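> here are the coordinates; sequence isn't available:
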């Protein structure tokens, strides 16, 4: 039996500490812990990495503190469009959805595409309809809306109108959730889900549903989920680049992820990742002020963080 | 000045020779020649690889003999949905559209996304609307329909109803067009466009609009455009895998493309590529009965082919 491991991120666009109350930060950390424990429960019971990453992402999709599912960013039209993908490192099977508007948990739709269709990627209302046919929960688009996102969108639009849009921090714009895991059979998996960014153009698709850009997993190599400006992740084929550096150039997980984050940073963008290798090592590198993140490794301790300080919670 | 090169493919799902008339094959070859000459005219006048691959793809989109633009495959709903992408190897800039229904030349829309938006990928009607705002020609969806595709769809549906769908050849199902080029300043570019496959699910997105899967270009390494079952190209991150093998594992263009085609073939799918390296070497490997293809290299001779025999046309 290989060591078990789960790593998650809740987006590298973390707000400065002073912009949310202590209570909100504590709740954010608590939900990161819930996400990790949901995955660990599956892994420690002999379950699959695939089930674990899906479960971890569902918890973050259902939390208002992350930009995915409930609490996701709003488009320029004040609505929500979600992107998500999942990949099985054992078979290289993958599933993804983009620009969905009605599926409560986009990551479940991505998994359904992988397992119950001949496609890898379904777009827009066709993805919504497919998910509904597969029996997944459908909600009104307004279900995803939180007061925080409405205010953030209004603030962005106001600054855009005043020509001071550049002052908007990345934190107000971007965000993604993702999970990577290694299970007891040595299988790797990765999953990513996002609402994109506040004020995004309708129909814009980022890296989260793009296998190789925002999500990648291959047994014996690594599993990766990215967060940051999706356009650069796509152009840099970021998630697969980590795997290619490890597989072809014999870099370690630490070397490969650091190199890719540095490459992404050369485009002057914030970027982060959660990644795990075939030996169960988890890394959560980022080049921003903070990144909501967490992991459980061989010691079974739940680690969560939003900025530099890492909090050790009770054992899973 | 570096050597100039253009390579194109018109899909690896070429029909068996006896299924079309000699006149139709001659016209297919003529249109491949037109595509190559359109690109060569640009390259030999000192134009960019980016302009060359766009021009080459536009000719094939406008021809009824290829599955892109006019003459594209029909979805299960007897309509057309197009995917396309383009990448500039000098800057790694990229643009793409998926599931478009109204843009006459999807590759032009992909380029507009790259150059006139902050996005890399736009989906569905938002992509159509964006292209229209950029002044690109809009057509009715029925513009794309040809009698040949209507018959092919009817035949596929009939066989599906009889349970003999497995007898449908790949040729009736798949197809894509693409181009790769090297210009006189040493810049590489790649472009890919497709209607998907006959009877495809509405909303299904293949590899053609996915940077790294169906299209990739990076100066100093290679430019790649793929054709074949898109789902496997996505799962294998096929186009970027060629570049990664060259960049990280020091494989030649021939070695890297052969290895990737073999990997894709291990999934029992038909696959092909057009690829060019930084020295101007063009390869057009495929594992099927035939692949519409062509190239012009240092000698300026126009080569076109649909099956094993290669036709040398007059010098460009």
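Perfect, thanks for sending it. These figures come from a predicted structure and were not determined experimentally. Residues are numbered from 1 along each chain as shown, chains lettered A, B, ... in the order given.

> Can you give me the buried ones in the stretch of helix or strand residue A:39 belongs to?
Using DSSP states H and E, residue A:39 falls within helix A:22-44. Of the residues in helix A:22-44, those buried by neighbour count under the rule 16 or more other CB atoms under 10 Å in any protein chain shown are A:25, A:28-29, A:31-40, A:42-44. (C-beta placed from N, C-alpha, C; glycine too.)

> Tell me which two of those residues sit farthest apart.
Using CB to CB, the buried residues of helix A:22-44 span at most 27.8 Å, a distance reached by A:25 and A:44.

> before we move on, what SS does residue A:57 have?
The three-state label given to residue A:57 by DSSP: H, G, I helix; E, B strand; the rest coil is helix.

> Need the pLDDT of the closest residue to it other than its chain neighbours.
Leaving aside its chain neighbours, residue A:57 sits nearest to residue A:107 (4.3 Å; criterion: CB to CB, 6 or more residues apart in numbering or on different chains). The model reports residue A:107 with a pLDDT of 98.

> which residues does residue A:107 contact?
By CB atoms under 8 Å, 6 or more residues apart in numbering or on different chains, the residues touching residue A:107 are A:54, A:57, A:58, A:61, A:84, A:86, A:191, A:193.

> Between the residues you listed, which sits nearest residue A:103?
Distance to residue A:103 across those (CB to CB) is lowest for residue A:84, with 8.7 Å.

> so who does the closest one touch?
Per CB under 8 Å, 6+ apart, neighbours of residue A:84: A:57, A:68, A:96-97, A:100, A:106-107, A:109-110, A:191-194, A:208-209.

> Try it again at 10 Å.
A:57, A:61, A:68-69, A:95-98, A:100, A:103, A:105-111, A:113, A:127, A:176-178, A:191-195, A:208-209, A:214-215 (CB atoms under 10 Å, 6 or more residues apart in numbering or on different chains).

> from those residues, which ones fall inside strands?
A:95, A:96, A:97, A:98, A:100, A:177, A:178, A:191, A:192, A:193, A:194, A:215 (DSSP state E).

> Go through these and name the one nearest residue A:282.
Closest approach to residue A:282 among the ones in strands among the contacts of residue A:84 (CB to CB): residue A:178, at 12.5 Å.

> what is that closest one paired to in the beta sheet?
residue A:9, residue A:192 (DSSP bridges).

> so which pair among the contacts of residue A:107 is furthest apart in space?
Farthest pair in the contacts of residue A:107 (CB to CB) is A:61 and A:86. Separation: 12.4 Å.

> between the two, which one's more packed in?
For residue A:61 versus residue A:86, the count of surrounding residues by other CB atoms under 10 Å in any protein chain shown is larger for residue A:86: 34 against 28.

> does stretch A:263-275 come close to chain B?
Yes. Counting by CB under 10 Å from any CB of the partner chain, chain B has neighbours in stretch A:263-275: residue A:267.

> distance between the ends of that stretch?
16 Å (CA to CA, to the nearest Å).

> Contact residues of the stretch 201-316 of chain A facing chain B?
So the stretch 201-316 of chain A meets chain B at A:201-207, A:209-213, A:216, A:218, A:229-241, A:243-251, A:267 (CB under 10 Å from any CB).

> still on that earlier bit, looking at the ones in strands among the contacts of residue A:84, which has the most residues close by?
Most surrounded of these: other CB under 10 Å gives residue A:192, at 38 neighbours.

> Residue A:106 versus that residue, what's the distance?
Computed as CB to CB, to the nearest Å, the residue A:192 to residue A:106 distance reads 10 Å.

> now do residue A:127
In terms of CB to CB, residue A:127 sits 8 Å off from residue A:106.

> Looking at these two now, which is surrounded by more residues?
residue A:106 (36 against 33).

> what's that one in contact with, if anything?
A:57-58, A:61, A:68-69, A:72, A:81-86, A:96-98, A:100, A:127-128, A:131, A:136, A:192-195, A:208-209.

> Next one: it from chain B, what distance?
With distances taken as CB to the nearest CB, to the nearest Å, residue A:106 is found 14 Å from chain B.

> my read: residue A:285 touches residue A:228, true?
No. Between residue A:285 and residue A:228 there is no contact under CB atoms under 10 Å: 11.1 Å.

> joint contacts of the two?
Joint contacts of residue A:285 and residue A:228 (CB under 10 Å, 6+ apart) are A:12, A:261, A:271, A:272, A:273, A:291.

> Could you tell me which residues make contact with the last one?
Read it as residue A:291. Residue A:291 neighbours (CB under 10 Å, 6+ apart): A:9-14, A:227-228, A:270-274, A:284-285, A:305-307.

> Stretch A:112-131 near chain B anywhere?
Yes. With CB under 10 Å from any CB as the criterion, chain B is reached by stretch A:112-131 at A:113-114, A:117-130.

> actually stretch A:148-160, not the one I wrote
No. For stretch A:148-160, no contact with chain B is found by CB under 10 Å from any CB; the gap never falls below 12.5 Å.

> got the buried residues for that stretch?
Residues of stretch A:148-160 classed as buried by neighbour count (16+ other CB under 10 Å): A:149, A:152, A:153, A:156, A:157, A:159.

> for stretch A:103-113, same thing?
Of the residues in stretch A:103-113, those buried (16+ other CB under 10 Å) are A:103, A:104, A:105, A:106, A:107, A:108, A:109, A:110, A:111, A:112, A:113.

> do stretch A:298-305 as well
A:302, A:303, A:304, A:305.

> try stretch A:114-123
By 16+ other CB under 10 Å, the buried positions in stretch A:114-123 come out as A:114, A:117, A:119, A:120, A:121, A:122, A:123.

> for the residue lying closest to the first one once chain neighbours are set aside, what are its contacts?
With CB to CB, 6+ apart as the measure, residue A:95 is the residue that lies nearest to residue A:114, at 2.7 Å, once sequence neighbours are left out. By CB under 10 Å, 6+ apart, the contact set of residue A:95 is A:84-88, A:107, A:109-117, A:119-122, A:191, A:209, A:211, B:231.

> Which of these fall within helices?
Counted as lying in helices by DSSP state H, out of the contacts of residue A:95, are A:107, A:109, A:110, A:111, A:112, A:113, A:114, A:115, A:116, B:231.

> Quick one: name the residues of the stretch 51-200 of chain A near chain B.
A:75, A:77, A:81, A:83, A:85, A:87-88, A:91-99, A:113-114, A:117-130, A:200.

> can you rerun that using 7 Å?
A:92-94, A:98-99, A:119-124, A:126-127 (CB under 7 Å from any CB of the partner chain).

> with those residues in mind, which one is nearest to chain B?
residue A:126 (2.2 Å; CB to the nearest CB).

> Just give me the neighbour total for the residue nearest to that closest one when sequence neighbours are not counted.
In space, residue A:126 comes closest to residue B:203 once its chain neighbours are excluded; the distance is 2.2 Å by CB to CB, 6+ apart. The local packing of residue B:203 (other CB under 10 Å) involves 25 other residues.

> Repeat that for residue A:314.
9.

> In a strand, it, correct?
Yes. The assignment for residue A:314 by three-state DSSP puts it in a strand.
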